[in-house]
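> Need coordinates for the following:
(one chain, ligands or ions: 1)
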Amino acid sequence: MRDWREWYEEYDDPASSLSRRLGDVRRLLGADLDARAASGQSSARLLSLCAGDGRDTIPVLAARPDLDVDACLVELDPVLADAARAAATAAGVEVDVRTADAGAFTSFRDRLMGDVLMLCGIFGNISDTDVQRCVDASRALVGPGGTVIWTRGSRGPDDPADWVRGLFTTAGFEEVAFLAPADATYRVGVCRQAGARSGWAPEWSFSFVR
Ligand SMILES: C[S@@+](CC[C@H](N)C(=O)[O-])C[C@H]1O[C@@H](n2cnc3c(N)ncnc32)[C@H](O)[C@@H]1O
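A predicted model of the protein is given here:
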């Protein structure tokens with residue numbers, strides 16, 4: 001398994017592509033939660049897979065006491081999972097951080113039909129077959145009106161994020177936002193579950209190949 005802790009060092013540079021991506025993910029998550037609070041929702045359920053140290057989620061939750069967010073973060077690396085727990089404690093936010101394999105459905109099967117699913121930093125690290133399977137199965141992970149926030153790196157002339165966008169559309173999601181800064185190597189997508197398939201145990205599995 002790759003040592004992901006080194007990967008996080010790019011976040012130390014506030015001008016890096018990764019730091020800009022982080023800002024966009026936080027802003028889009030905040031906007032989603034704003035819309036929920038504005039519509040009268042008093043609580044929301046969030047699931048973040050391959051969550052790392054939770055930096056794209058925890059500060060956003062800490063900034064909004066108006067919405068009770070029941071958040072679950074799944075991260076395989078025990079050091080990063082512990083960092084997420086420490087960050088949540090420091091921020092005064094209650095978060096269920098699981099040191100577990102997000103590629104295994106059993107790690108989060110009690111968290112189905114939530115409001116927000118974060119799939120950030122995953123699609124560029126797993127096979128196309130796994131991406132396809134995860135996008136399709138995401139229909140069972142968020143409830144009606146549920147949101148998926150996803151990212152994909154993009155470095156060549158053919159943008160792999162366009163393929164991912166098409167997969168979400170085919171799976172029945174409506175695109176809410178798509179960010180593709182011309183001077184950066186990341187893409188962020190937000191899409192909403194149009195219909196829902198409750199009670200459906202999805203075929204879910206992936207493993208990192210990088
Ligand atoms: C590219 S980083 C993204 C982290 C975070 N989502 C972000 O955007 O800052 C990928 C993360 O996935 C974790 N990871 C890799 N395989 C995993 C698995 N099977 N289950 C859970 N986490 C995994 C790594 O340890 C790493 O923290």
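> State the pLDDT value of the closest residue to residue 88 other than its chain neighbours.
The shortest distance from residue 88 to any residue other than its chain neighbours is 4.1 Å, reached at residue 95 (Cβ to Cβ, 6 or more residues apart in numbering). C-beta coordinates here come from the backbone N, C-alpha and C atoms, glycine included. At residue 95, the pLDDT value in this model is 98.
> Got the phi and psi for residue 118?
In this entry, residue 118 is assigned phi and psi values of phi -100, psi 120 (degrees, to the nearest 10).
> wait, doesn't the residue nearest to residue 88 sit right on residue 61?
Yes: judged on Cβ atoms under 8 Å, residue 95 makes contact with residue 61 at a distance of 7.3 Å.
> Report the set of residues contacting both of the two.
With contacts taken as Cβ atoms under 8 Å, 6 or more residues apart in numbering, the residues that reach both residue 95 and residue 61 are residue 71.
> Which helix or strand in the protein has the lowest average pLDDT?
Of all the helices and strands that make up the chain, the one with the lowest confidence by mean pLDDT, DSSP states H and E is helix 4-7; it has a mean of 86.
> Do any residues in the helix or strand following that helix lie close to the ligand?
Next in sequence after helix 4-7, counting helices and strands by DSSP states H and E, comes helix 17-38. No: Helix 17-38 lies out of reach of the ligand by Cβ under 6 Å from any ligand atom, never closer than 6.6 Å.
> The helix or strand that comes right after helix 17-38 versus helix 17-38: what angle between them?
Moving toward the C-terminus from helix 17-38, the first helix or strand encountered (DSSP H and E) is strand 43-49. Angle between the axes of strand 43-49 and helix 17-38 is 160 degrees (criterion: axes from the mean of the first three to the mean of the last three Cα atoms, to 10 degrees).
> tell me which residues of strand 43-49 are tucked away?
The neighbour-count criterion (16 or more other Cβ atoms under 10 Å) identifies 44, 45, 46, 47, 48, 49 as the buried residues of strand 43-49.
> Show the average pLDDT along that strand.
Looking at strand 43-49 alone, the average pLDDT works out to 97.
> Contacts for the next helix or strand after it, please.
Per DSSP H and E, the first helix or strand lying C-terminal to strand 43-49 is helix 58-62. Among residues not part of helix 58-62, those counted as contacts by Cβ under 8 Å, 6+ apart are 26, 29-30, 33, 46, 69, 71, 84, 87-88, 91-93, 95.
> One more pass at 7 Å, please.
26, 29, 30, 69, 71, 84, 87, 88, 91, 92, 93, 95 (Cβ atoms under 7 Å, 6 or more residues apart in numbering).
> returning to that earlier point: need the phi and psi values for the residue nearest to residue 88.
Here is the backbone geometry of residue 95 (degrees, to the nearest 10): phi -140, psi 140.
> and it, bridged to which residues?
Note on residue 95: beta-bridge partners by DSSP bridges are residue 71.
> Quickly note the distance from it to residue 64.
14 Å (Cβ to Cβ, to the nearest Å).
> where does the protein dip in pLDDT?
Within the chain, the stretches with pLDDT under 70 are 1, 196-201.
> still on that earlier bit, of the buried residues of strand 43-49, list those near the ligand.
Filtered for proximity to the ligand (Cβ under 6 Å from any ligand atom), those leave an empty set.
> The residue nearest to residue 88 is in contact with residue 87, isn't it?
No: here residue 95 does not reach residue 87: they are 8.6 Å apart, not a contact under Cβ atoms under 7 Å.
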